[in-house]
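Novice: give me a model of this one.
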Amino acid sequence: MKYDIASKVVVSIGKEAILRRFLGMDPDNIYIVEELTEETPSLKRSDFPLHVILKDKQELIVLLEIQTEFNEDFVLRLIDYTVRFKLKYHLSIIPLALLLTPTSQATGFYESDILTFKYKTVRFWEENPQDYLNEIYLYPFFPLMKRGEDFIEKAEAGIYESSEISIEKKSDMLTAMAIFIGLKDKHLATQLIQRRRDIMIQSAAYEIIKEEGLKEGWEVGKEEGRKEGLREGLREGLREGLKEGIRKGKEEGKREGLYETISLGLEIKFGTDGLALMEKILEIKSLKKLGLIKEAIKIATKKEELEKLI
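Specialist: The predicted model follows:
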């Protein structure tokens, strides 16, 4: 799951580069398609349905799917998405699967006794990082590519030192790259976390490291966080005592982390309309209530369902 979430973070930032380099498109505008009206909590939606308007004004929909472990059920779901979006929008539909780990099953073609189906694939393990050095928004995918570990430091420095990328995007891209490195070499992932923790902690995706993986790197980061909490507690004043200062520092950190996670979840699921809810959410101080909102985003099908919780 952590790899899928990391992919979504990178896709949300670099979708134009993905369409340009892997589908040969020249997009003028890209919009994340809202959920289909017939979708329900029990009916899984596409990872990234993109409404693309090309420079020549041609319109189409790209169903961008992320798959860590490939299986036949994935293709059947992809067929389902394709048919439903075709019925809804009557536009050309291009299914595209981003495959994170090697498999021989993902052929781009499915055939049974009743139908045949074609879909496009990006097989990262066959791609050469050298070919994408001019696409900085694809740098987080370098660890998944052929001999990608040889390009990690170059990609890390390119992201960290870029003057064109915001701090928020840098933190998301570096965190996603650390998660992908963990697929091949957890020691290298730990080293990246140690070097760039100062910026990575600002990413909502950083929660994934704490909750699901890269334990060694997280333990190092946790110790650094403890020291920061100590310093912050002392700065706040000795009146409340060291223990109270650290407690407040940790609570504030958790609250900021939840704000970032909720914001990312709203943007991925509901686009800019979802982000409109953040004005009221930022007024909520209860960690318990923020946690409930974060979990509700996972199962909500409409923005209105979340408004009832706020």
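Novice: for this structure, give me the ranges with low pLDDT.
Specialist: Residues of the chain meeting the criterion pLDDT under 70: 1-4, 35-46, 204-249.
Novice: any chance you could map the helices in it?
Specialist: In the chain, the helices defined using DSSP state H lie at 2-23, 72-89, 152-161, 167-181, 186-200, 206-211, 215-236, 241-275, 278-281, 287-299, 303-307.
Novice: residue 29 is nearest to which of the ones you listed?
Specialist: Closest to residue 29 of the helices of the chain, according to Cβ to Cβ: helix 2-23, at 9.8 Å. (Each C-beta comes from the backbone N, C-alpha and C, glycine too.)
Novice: check which helices and strands the closest one sits against.
Specialist: With contacts defined as 3 or more Cβ pairs under 8 Å, 6 or more residues apart in numbering; DSSP states H and E, the packing partners of helix 2-23 are strand 27-32, strand 48-54, strand 59-67, strand 92-99, strand 120-123, helix 167-181, helix 206-211, helix 241-275.
Novice: with respect to burial, which of those scores highest?
Specialist: helix 167-181 (a mean of 25; mean count of other Cβ atoms under 10 Å).
Novice: and the angle from it to helix 2-23?
Specialist: Relative orientation of helix 167-181 versus helix 2-23 (axes from the mean of the first three to the mean of the last three Cα atoms, to 10 degrees): 100 degrees.
Novice: so what angle separates the directions of helix 167-181 and helix 186-200?
Specialist: Helix 167-181 runs at 170 degrees relative to helix 186-200, counting by the same axes, to 10 degrees.
Novice: just want the angle from helix 167-181 to helix 241-275.
Specialist: Going by the same axes, to 10 degrees, helix 167-181 makes 100 degrees with helix 241-275.
Novice: starting at the chain centroid, how far to helix 167-181?
Specialist: On the basis of Cα atoms, centre = their mean, to the nearest Å, helix 167-181 sits 9 Å off its chain's mean C-alpha point.
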